[in-house]
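>>> Below: sequence and its predicted model.
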Amino acid sequence: MKSQVRDVDLSECGDTEEAALRFLYGLVEHGDGLAMPAILEELAYVFASEEAGITGPLHAPYGIIARGGREQWSGAWPWEADASLCQQALDAVSAFAVTSPQGSWLLAPAWGGLCDGQLFWLRTKSERAWTTGERSAFYLAAQAVARLAREKGDGERLRRVLERARRQKELEQAAIVTGRLAHDFSNILTGILGFTELSLTQVVPDSQAQKYMKEVWQAAQQGASWLQRVQMFCRRNPPLIQPASLAEAVAVEEERLRPLCNDHVSLQVSLPEPLPPLAVNADALKMLLAELLSNAREAISGHGVIALSAREVSLSGAKCGELLGQPQPGRNVEILISDTGTGMPAGVGERIWREVFFSTKARRRGLGLAMVHGLLQTFRGGIELLPGPEKGTTVRVFLPVAESSKELSTAQAAPSNLNQCKLLLVDDDPRILDSMSRALERAGYRVRVAPSASEAINLYTAPGEPFGLVISDIGMPVMNGFEMVRKLLRHDANLNVLFISSHAPQAGSEQDIVKRFSLLRKPFEPQSLVQAVGTALRRGAVAH
């Protein structure tokens, strides 16, 4: 292969380090005339790799800035599976290697005069031991290419990527704070729902007291529904995904929205047939569409049109870098929702993402777009807001196509004596313990309670009749639910667990544990708890 930056056959070089030095010399002398993908393609060739690329910023590399090579990677990036790689890159003084089941990576930080820096990478399919010379040469090449990118005028695109990353960080910080508040509030609501439902069975039917209790129960249910929406904003790791149909979700939202569209507002839907199933749960997809379509309807004060269309697209890594959310390159469905409303006044587009509770609505109801962003973070989607074709606003949403449309089911025939099982209930909140134990005992279960993980371990490992199911909160002091379960598994490989929590499990081992067992999200009603316990017991009976 002839070098494009210098008229020399790189294959004649004795080793990679020599080829890299010749490449750098030619880059300084003749690199101005080449596009960045071509430079990266040659960089990959010099280091005998399938691909070279740039992502950024280093503190949270959300998007791909540029890439080049013989073939482009569409799988999971190493820094997604291990966030500590970002910190390692920030502290690195040279390139460092990462090995994954998909091959070998060489990563190098590069600053190039930009405020947050970028992360350069090389990727090879097969396992490879990078020499010290190769690491040093690649680190030097990364600095040169980063500086050239800025000088070539790519700085404006890099600025947009960095600005997008800052917005993502602000939303992430808001999600952390909101998640902590939601966790405490979910415990309160769970107690209210539990004791209210228990009280309804004790009061005189059709009495004034029963009417008051029903009002409390309905208000708590509304609070629980709202809290579930907030938790969608806070959640960042995907739950067990059951592929959803966009056509079915749109049909539900059409039915809901049409009464709100009077004779002056028309709703136009154009969906090709067939569209592939999406890697998004149906409830989340409906919630996302509901928020965006409601925004479009409220933007129209007089006559107007709301248009929804969709198509399958192949999303490039470069485009992913321009979108908010956590989009993935490859097969996606693009959803366009346009309205002919008033559009976004100057400055509003910035505030929408910078200020989580900002709203232009008359009733000042915020968090709508923040919830959409949370859903897209969870299910690896992306979003951007654009001016409408004539007036109004257009929202572009990208959602990944599901690899398989098969749905998981735990519906199995259960032994008739499951409600005779002994249950171990673990939670550090005494109100939760009390309300849940009463609900389960009323359903016929025998229940032992433990206010801490250590006490639960003592009860479970004590001699006597074994427990059929452990029902445990995740977020507990000293020892959390995951740590407790790991210890119990050493004692009993057939352990059966139902986790209860308002928090989403973190990527890695926590998600693996949750997938092995079951998860019920707070807040919940006693009936939901009893149903979840029955499902977990059936699942355990079938597994063993």
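Looks like it arrived, so ask away.

>>> What are the contacting residues of stretch 429-446?
187, 190-191, 193-195, 197-198, 419-423, 425, 427, 447, 449, 451, 471, 473, 526, 529-530, 533 (CB atoms under 8 Å, 6 or more residues apart in numbering). Glycine gets a C-beta too; all of them are placed from N, C-alpha and C.

>>> ignore the last one, stretch 185-203
With CB under 8 Å, 6+ apart, stretch 185-203 has contacts from 209-210, 213-214, 216-217, 220-221, 223-224, 227, 231, 429, 431-432, 435-436, 438-439, 442, 502, 521-527.

>>> What of stretch 243-261?
Contacts for stretch 243-261 (CB under 8 Å, 6+ apart): 267, 269, 271, 273, 275, 277-282, 284-286, 289-290, 293-294, 297, 306, 308, 310, 333, 335, 402, 404-407.

>>> what does stretch 306-314 give?
246, 250, 257, 261, 265-272, 275-276, 293, 296-297, 300, 329-339, 398, 401.

>>> rerun that using 6 Å as the cut-off
246, 267-271, 296, 332-339 (CB atoms under 6 Å, 6 or more residues apart in numbering).

>>> Give the buried residues for the longest strand out of those in the chain.
Secondary structure assigned by DSSP state E gives strand 304-315 as the longest strand of the chain. Residues 304-308, 310, 315 are the ones in strand 304-315 that count as buried (16 or more other CB atoms under 10 Å).

>>> I'd like the average pLDDT over stretch 80-91.
Mean pLDDT, computed over stretch 80-91, is 77.

>>> Stretch 530-537 now?
86.

>>> what's the answer for stretch 440-449, then?
88.

>>> Need the max-distance pair from the contacts of stretch 306-314.
267 and 332 (23.9 Å; CB to CB).

>>> So those two - more neighbours on which side?
residue 332 (26 against 17; other CB atoms under 10 Å).

>>> how far away is the more buried one from residue 403?
As judged by CB to CB, to the nearest Å, residue 332 and residue 403 stand 13 Å apart.

>>> same check, this time on residue 96
Taken as CB to CB, the span from residue 96 to residue 403 is 32 Å.

>>> again with residue 334
As judged by CB to CB, residue 334 and residue 403 stand 18 Å apart.

>>> distance between the ends of stretch 519-529?
Stretch 519-529 has an end-to-end distance of 11 Å (criterion: CA to CA, to the nearest Å).

>>> Pull out the buried residues from that stretch.
Buried residues in stretch 519-529 (16+ other CB under 10 Å): 519-526, 529.

>>> Off-centre distance for it?
Centre-to-centre, stretch 519-529 and its host chain are 22 Å apart (CA atoms, centre = their mean, to the nearest Å).

>>> ok, residues contacting it?
For stretch 519-529, using CB under 6 Å, 6+ apart, the contacting residues are 186, 189-190, 193-194, 197, 224, 436, 439, 499-500, 502, 532.

>>> Restricted to helices, list those.
186, 189-190, 193-194, 197, 224, 436, 439, 532 (DSSP state H).

>>> So for residue 96 and residue 403, which residue has more residues nearby?
For residue 96 and residue 403, the more surrounded residue by other CB under 10 Å is residue 96, and the numbers stand at 19 against 12.

>>> wait, what's in contact with that one?
Neighbours of residue 96 in contact, by CB under 6 Å, 6+ apart: residue 107.

>>> swap the cut-off to 7 Å and go again
Shown in contact with residue 96 (CB atoms under 7 Å, 6 or more residues apart in numbering): 88, 107.

>>> Please report the distance of it from residue 188.
On the measure of CB to CB, residue 96 and residue 188 end up 47 Å apart.

>>> May I have the phi/psi pair for residue 488?
phi -70, psi -30 (degrees, to the nearest 10).

>>> try residue 276
Reported as degrees, to the nearest 10, the phi and psi values for residue 276 are phi -70, psi 160.

>>> Okay, domains of this structure per the record?
Per automatic domain parsing, the domain ranges recorded for the chain read 10-163, 171-234, 246-400, 418-543.

>>> if we can go back for a sec, tabulate the buried residues of stretch 519-529 (JSON lines), appending distance to residue 77 and secondary structure.
JSON lines is the format used below for these (distance: CB to CB, whole Å; DSSP: H, G, I helix; E, B strand; the rest coil):
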{"residue": "519", "distance to residue 77": "27", "secondary structure": "strand"}
{"residue": "520", "distance to residue 77": "32", "secondary structure": "strand"}
{"residue": "521", "distance to residue 77": "29", "secondary structure": "strand"}
{"residue": "522", "distance to residue 77": "32", "secondary structure": "coil"}
{"residue": "523", "distance to residue 77": "35", "secondary structure": "coil"}
{"residue": "524", "distance to residue 77": "36", "secondary structure": "coil"}
{"residue": "525", "distance to residue 77": "40", "secondary structure": "coil"}
{"residue": "526", "distance to residue 77": "43", "secondary structure": "helix"}
{"residue": "529", "distance to residue 77": "39", "secondary structure": "helix"}
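
>>> So of these, which two are at opposite extremes in space?
519 and 526 (17.6 Å).

>>> my read: residue 452 touches residue 428, true?
Yes: Residue 452 lies in contact with residue 428 (CB atoms under 7 Å); the separation is 6.3 Å.

>>> got any residues that touch both of those two?
Listed as contacting both residue 452 and residue 428 by CB under 7 Å, 6+ apart are residue 476.

>>> by contact count, what packs against the one helix or strand residue 336 maps to?
Residue 336 belongs to strand 330-339 when assigned by DSSP states H and E. Applying 3 or more CB pairs under 7 Å, 6 or more residues apart in numbering; DSSP states H and E, one finds that strand 330-339 makes contact with helix 282-298, strand 304-315, strand 393-400.
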